[in-house]
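Asks: sequence and predicted structure are below.
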Amino acid sequence: MADSSAQEAESHYFTHEPAPKDLKANTTLAREFIARHAAGGRRVVLVTSGGTTVPLETQTVRYIDNFSAGTRGATSAENFLANGYAVMFLHRQFSLLPYSRHYSHNTRSFLDFMEERDGQVVVGAQHQDEMRGVLRQYAAVKRENTLLILSYVTITEYLWNLREVAKLMRPLGPTAMFYLAAAVSDFFVPQDRMVEHKIQSNEEFLGAEAGATTKPPAARTEGKSLIIDLEPVPKFLKQLVDGWAPEAMIVSFKLETDPALLVKKAQYSLNKYAHHLVIGNLLTTRKWEVVFVSEMDGEKWIRVPPNRRTKSFSGVQSLVGAADPLAKQDGFKVDESMAADGTVPQGEPAQEIESVIIPEIEKMHTKLIDRALTRGGA
Ligand code: PAZ
């Protein structure tokens with residue numbers, strides 16, 4: 001059962017922060033998608049991806065943002081689809097998308113993959129194999145209708161969508177999964193402390209932006225300085241675990257920059273919210289290693305080989321688990337981040353780490369579903 005202070009925080013937040021205009025359209029699509037895949041017996045995962053913005057003005061000119069490009073989310077979505085899941089991809093508008101990510105958000109334009117042959121525009125000979133592979137996966141997903149793309153921009157839009165879609169997923173029971181890879185703001189400007197118009201920097205016009213604000217504005221100019229006084233975003237993971245989708249498998253991410261804190265904070269989150277898995281990652285090494293922290297398996301590091309410019313691994317085999325002998329051979333401390341000794345890989349890894357992460361999660365999900373079936377049948 002959800003505790004009453006968490007319920008009050010939920011009710012206060014969703015009463016005071018307006019729902020996004022496209023919420024109804026999103027929930028209609030999600031309801032239909034979930035019903036279709038529930039009937040077909042497919043597991044459904046909600047993948048969240050990309051950063052959330054914190055607007056400073058109602059008519060937003062300025063906002064606070066974070067670094068996330070949505071690589072983790074988009075790559076994970078592809079791997080869930082390859083492993084038979086139906087995926088609802090709740091992503092920050094204009095961040096990376098599954099499949100098209102291979103040809104977007106890059107200094108190389110998609111036009112660099114094309115050439116003209118006998119008057120026809122075609123994919124260049126050297127890109128044929130790779131693009132055929134991506135195209136075939138994309139075409140299969142479209143044919144089977146296994147990917148639903150939903151978007152948000154602000155923290156409030158993200159939370160409204162998460163809550164409504166989660167409630168729709170509740171009837172799926174343990175076959176549903178939440179994979180929360182979005183980089184969600186911890187602080188925000190509540191609606192009743194947000195100025196209507198663009199914050200003025202010219203002292204002659206100070207105060208003109210206030211509009212309907214009933215309380216002192218959270219972002220305002222004082223003299224020549226911009227003062228921003230944000231409030232904490234309520235932690236809704238508890239509500240998700242206890243109230244919105246209590247039977248689903250829930251995977252959250254923990255991002256840190258200090259290697260000494262990562263496992264402690266992941267463990268803290270697992271204890272506090274009592275969900276299934278926290279995946280810890282460091283900003284600098286997140287494409288090469290993550291740590292799984294769960295009640296089921298304890299602490300388990302997952303790694304993929306760095307590229308040749310950094311510390312070498314033997315072969316291109318991925319490494320899973322604290323007891324992996326390969327990890328020992330290659331001189332990595334198996335139970336802490338490679339960043340602990342200052343190793344920060346450059347470039348791109350030889351293999352995308354999500355291709356190791358998702359099959360590991362799928363195995364955990366199968367165990368959880370089996371346990372739920374055993375309990376239900378007992
Ligand atoms: O989007 P990206 O691939 O650049 O980064 C992924 C990530 C680091 C945002 C994600 O793996 C993560 O840790 N998300 C949760 C962040 C947090 O709120 O702690």
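Replies: On my side now, so go ahead.

Asks: tell me, how many residues neighbour Gly376?
Replies: The local packing of Gly376 (other C-beta atoms under 10 Å) involves 9 other residues. Every residue, glycine included, has its C-beta placed from N, CA and C.

Asks: sec struct for Arg220, please.
Replies: Of the three states, Arg220 takes strand according to DSSP: H, G, I helix; E, B strand; the rest coil.

Asks: that one against Ser201, yeah?
Replies: No: between Arg220 and Ser201 there is no contact under C-beta atoms under 8 Å: 11.0 Å.

Asks: intersection of neighbour lists for the two?
Replies: Residues touching both Arg220 and Ser201 (C-beta atoms under 8 Å, 6 or more residues apart in numbering) are Leu226.

Asks: out of the two, which sits in the more crowded spot?
Replies: Arg220 (21 against 11).

Asks: would you map the strands across the stretch 1-150 of the chain?
Replies: Secondary structure of the stretch 1-150 of the chain (DSSP state E, counting those that start in this stretch): strands located at 44-49, 54-55, 63-64, 86-92, 114-117, 120-123, 147-152.

Asks: for this structure, give me the ranges with low pLDDT.
Replies: 1-2, 206-208, 212-213, 307-319, 321-334, 377-378 (pLDDT under 70).

Asks: so which residues on it come close to the ligand?
Replies: Taking C-beta under 6 Å from any ligand atom as the contact definition, the chain meets the ligand at 68-72, 181, 183-184, 253-255, 281, 286.

Asks: again, only this time at 5 Å
Replies: Contact residues, the chain versus the ligand (C-beta under 5 Å from any ligand atom): 68-72, 181, 183, 253-255, 281.

Asks: most neighbours out of those, which is it?
Replies: Result: Arg72 is most packed of the residues of the chain next to the ligand (other C-beta under 10 Å), 28 neighbours.

Asks: in contact with the nearest residue to it once chain neighbours are set aside, which residues are there?
Replies: Among residues not flanking Arg72 along the chain, Ala181 sits closest, at 4.6 Å (C-beta to C-beta, 6 or more residues apart in numbering). Ala181 sits next to 47-49, 72-73, 76, 253 when contact means C-beta under 8 Å, 6+ apart.

Asks: what sits against His12?
Replies: Pro234.

Asks: try 10 Å this time
Replies: 190, 234 (C-beta atoms under 10 Å, 6 or more residues apart in numbering).

Asks: please apply the same query to Thr175.
Replies: 37-38, 41-45, 85, 169, 247-249, 365, 368-369, 372.

Asks: for Thr48, same thing?
Replies: Each residue near Thr48 by C-beta under 10 Å, 6+ apart is listed here: 70, 73, 88-92, 150, 152, 158, 161-162, 165, 178-184, 252-253.

Asks: and His197, by the same measure?
Replies: So His197 contacts 57-59, 61, 205, 208-211 (C-beta under 10 Å, 6+ apart).

Asks: please confirm that it is located within a helix.
Replies: No: using three-state DSSP, the secondary structure at His197 is coil, not a helix.

Asks: top of the contacts of His197 by neighbour count?
Replies: Among the contacts of His197, Glu209 has the most neighbours (other C-beta under 10 Å), with 23 neighbours.

Asks: where's that residue, which helix or strand?
Replies: Glu209 is part of no helix or strand when elements are defined by DSSP states H and E.

Asks: domain map for the chain?
Replies: The chain breaks down by automatic domain parsing into domains covering 17-105+130-187+234-247, 192-229, 286-378.

Asks: let's have those in JSON lines, adding distance to Ala274.
Replies: Shown next, in JSON lines, are the domains of the chain (distance: least, C-beta to C-beta, whole Å):
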{"stretch": "domain 17-105+130-187+234-247", "distance to Ala274": "6"}
{"stretch": "domain 192-229", "distance to Ala274": "32"}
{"stretch": "domain 286-378", "distance to Ala274": "8"}
